[in-house]
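> Quick one: sequence plus predicted model below, questions after.
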Amino acid sequence: MDIKALIQKAVEYGQQALSEHDSKKVLASYNIPVTKEALVQTKDEAAQNAAEIGFPVVLKACSHEVMHKSEGGLVAVSLNSQEDVKAAFSDITKKAGPDIDGILVQEMVSGQRELMLGLLRDPQFGPCVMAGFGGIMTEVINDTCFRMAPIDNIEADDMLDELRAKAMLEAFRGQKPADRKAISDTLVALGKIGMENDPIAEIDINPMIIDSNGAVIAVDALIVLKGGQINDNNN
Ligand code: ADP
Ligand code: MG
């Protein structure tokens with residue numbers, strides 16, 4: 001299904017948001033790097049897809065109604081075997097109840113740095129692109145930066161330079177420098193999504209993990225639709 005149709009259908013169904021999996025489809029269509037993942041319905045399918053993706057994997061409940069998955073115990077990370085995957089599948093399906101699209105089996109990205117990138121539609125300024133550090137950094141300092149969309153790569157690069165913790169984008173604890181071009185491309189793409197998709201009120205990529213080689217990949221994504229409740233918790 002093309003992306004416009006996917007968004008339109010969600011609007012028609014009165015959804016407040018897109019699920020993580022659907023949100024990532026939108027991001028991927030704008031060339032934002034996202035996790036390799038599969039949406040499955042059974043334990044055996046989960047185990048099989050985990051083996052195909054490669055261990056370790058992460059399992060999550062997938063639903064447009066669940067905005068904060070880890071709060072409900074609906075995320076299981078570091079699953080190293082098909083047995084682990086089957087156990088996590090049972091546990092998450094039990095906690096999530098019947099109203100989910102299925103379970104996401106997803107590659108586990110390992111890295112010590114997390115970014116929080118997004119888009120907000122401001123009533124006065126229109127779509128604005130946001131960049132900041134995620135994880136512990138978010139809680140310790142308010143280190144985010146905004147620009148009105150659309151933005152180009154030069155503006156996106158300026159945004160990264162404005163972050164107080166920008167040194168974390170350099171080589172860090174034995175990990176390679178972050179791929180700044182890929183982060184900048186992601187910010188430009190977020191602005192473009194906002195400009196081109198009126199029904200989208202907000203996008204949260206939280207986190208985009210910087211792996212030990214410096215590559216970036218969106219491991220969680222949430223697209224909130226207009227009329228949907230604005231996400232107040234950035235985790
Ligand atoms: P929530 O809806 O609670 O924000 P997330 O999908 O962001 O759920 O998962 C919670 C945390 O688990 C993330 O902040 C991240 O630290 C970790 N995590 C989730 N998915 C992955 C993944 N694919 N690889 C590595 N870590 C992950
Ligand atoms: Mg998250």
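Received, thanks. Ligands and ions are numbered 1, 2, ... in the order given.
> Show the average pLDDT along stretch 150-167.
The average pLDDT within stretch 150-167 is 96.
> before we move on, what about stretch 207-220?
97.
> Can you pull out the residues in contact with it?
Contacts to stretch 207-220, defined as CB atoms under 8 Å, 6 or more residues apart in numbering, come from residues 20, 24, 27, 32-35, 58, 69, 106, 109-117, 134-135, 169, 174-179, 182-183, 186, 204-206. C-beta coordinates here come from the backbone N, C-alpha and C atoms, glycine included.
> Same check on stretch 221-229?
7, 10-11, 15-18, 20, 22-24, 26-27, 34, 67, 121, 198-206, 230-231.
> Give me the distance between Gln41 and Asp99.
According to CB to CB, to the nearest Å, Gln41 and Asp99 sit 14 Å apart.
> between those two, who's got more neighbours?
Remark: of Gln41 and Asp99, Gln41 carries more neighbours, 13 against 10, as counted by other CB atoms under 10 Å.
> Skipping adjacent residues, who's closest to that one in space?
Gly102 (5.0 Å; CB to CB, 6 or more residues apart in numbering).
> cool, Gly174 as well?
Using CB to CB, 6+ apart, the closest residue to Gly174 is Ser212 (7.7 Å).
> Contacts for the longest helix seen in the chain, please.
Selection of the longest helix in the chain by residue count, based on DSSP state H, yields helix 180-196. Residues from elsewhere that reach helix 180-196, judged by CB under 8 Å, 6+ apart: 26-27, 30-33, 115, 117-119, 121, 126-129, 131, 147, 149-153, 156-157, 159-160, 169, 200, 203, 205, 208, 215-216, 218.
> and if we set it to 7 Å?
Outside helix 180-196, the residues that touch it by CB atoms under 7 Å, 6 or more residues apart in numbering are 26, 30-33, 115, 117-119, 121, 127, 129, 131, 149-153, 156-157, 159-160, 169, 200, 203, 208, 216.
> Following element in sequence after the lowest-mean-pLDDT helix or strand in the chain, please.
None of the helices or strands of the chain scores lower by mean pLDDT, DSSP states H and E than helix 136-140, at a mean of 67. Using DSSP states H and E, the helix or strand that directly follows helix 136-140 along the chain is strand 144-148.
> ok, that following strand: who's next to it in the sheet?
Each strand paired with strand 144-148, and its direction, by DSSP bridges: strand 126-133 (antiparallel).
> CA-only coordinates of the strand it pairs with in PDB, if you can.
Extracted C-alpha coordinates of strand 126-133, given in PDB (Å, rounded to 0.1, in the frame of the first residue of the first chain):
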ATOM      1  CA  GLY A 126       3.600  25.100  11.000                       C
ATOM      2  CA  PRO A 127       5.700  21.900  10.800                       C
ATOM      3  CA  CYS A 128       8.900  22.200  12.900                       C
ATOM      4  CA  VAL A 129      11.800  19.700  12.900                       C
ATOM      5  CA  MET A 130      13.200  18.700  16.300                       C
ATOM      6  CA  ALA A 131      16.600  17.200  17.200                       C
ATOM      7  CA  GLY A 132      18.000  16.200  20.600                       C
ATOM      8  CA  PHE A 133      19.700  13.400  22.400                       C
END
